[in-house]
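Student: predicted model follows, preceded by the sequence.
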Amino acid sequence: ANVPAMAGVCIPDWIRKTLDMDIPAIGATDANSAAACEHRRNPMPGRTLYLSFGTGVGGAVLDDGRPVIITRGTSGHFGHMDVSGGDPDAPSTPGAGRGALEAYIGFRTLEADGVPFDQPERFDHPTMKRALKALAQGIRILLAVYRPDHIVLMGGTVEIFSPALDQVQAMANDGITQAAPVQWSLTVGQSDNFAAAIGAATLSGLAK
């Protein structure tokens, strides 16, 4: 969707041809790559779910550092989960659809509604309050489906949400299903803008 000219291209074949080298190549999503980088820098035992914030919302699940693949090379597209609760006025994005997590917490939505990103009072903004509620709802779903030991928030806009982590975790735990883990942690990742590139190298090493 972001690079239409690459639609239908077999990436590993394209890499070998472009580099003119007969070497093995693998394909990985940016979310899986960034998660691999974060795990390398701060390894967590067991199952860890990484939720990436940016223009959109993505993520990956790793079991002791190895990606959990469910469909199309991913653990699932977390940003497209419907967290609207059936609200007919739920926000929408062209890619994720109406009521999707991405439509609530994606950068474009927050920016369009005038959330003051660098001000403490951003948490008083109605769109931000709605975003935190949607994030907690999304985490509740992810906890029930994937049963992670840890959830790590990362990405270019995660700092907008990081001061409210305790609030989000409390909201997610309130009346949560017994299918979810009894104990789970919610933290912010340590990786920078090069996470996906570093993670791609990490995944390449795992594939050998």
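Tutor: Done, it's in.
Student: C-alpha only now, for contacts and for neighbours.
Tutor: Noted.
Student: where in the chain is pLDDT low?
Tutor: Regions of the chain meeting the criterion pLDDT under 70 cover residues 1-2, 206-208.
Student: contacting residues around stretch 161-172?
Tutor: For stretch 161-172, the external contacting residues (CA atoms under 8 Å, 6 or more residues apart in numbering) are 132, 133, 135, 136, 137, 139, 140, 186, 187, 188.
Student: wait, what's in contact with the second one?
Tutor: If a contact means CA under 8 Å, 6+ apart, then residue 133 has 168, 171 as its contacts.
Student: now name the helix or strand holding it.
Tutor: In this structure, residue 133 is located in helix 126-146 according to DSSP states H and E.
Student: what residues of that helix count as buried?
Tutor: Along helix 126-146, these residues count as buried under the neighbour rule (16 or more other CA atoms under 10 Å): 127-128, 131-143, 146.
Student: now do stretch 170-189
Tutor: Within stretch 170-189, the residues scored as buried using 16+ other CA under 10 Å are 171, 172, 173, 176, 180, 186, 188, 189.
Student: in this structure, what residue spans correspond to helices?
Tutor: For the chain, applying DSSP state H gives helices covering 11-19, 30-41, 101-105, 107-112, 126-146, 165-173, 195-206.
Student: can I assume residue 77 is in contact with residue 52?
Tutor: No: checked against CA atoms under 8 Å, the pair residue 77 and residue 52 is beyond contact range at 10.8 Å.
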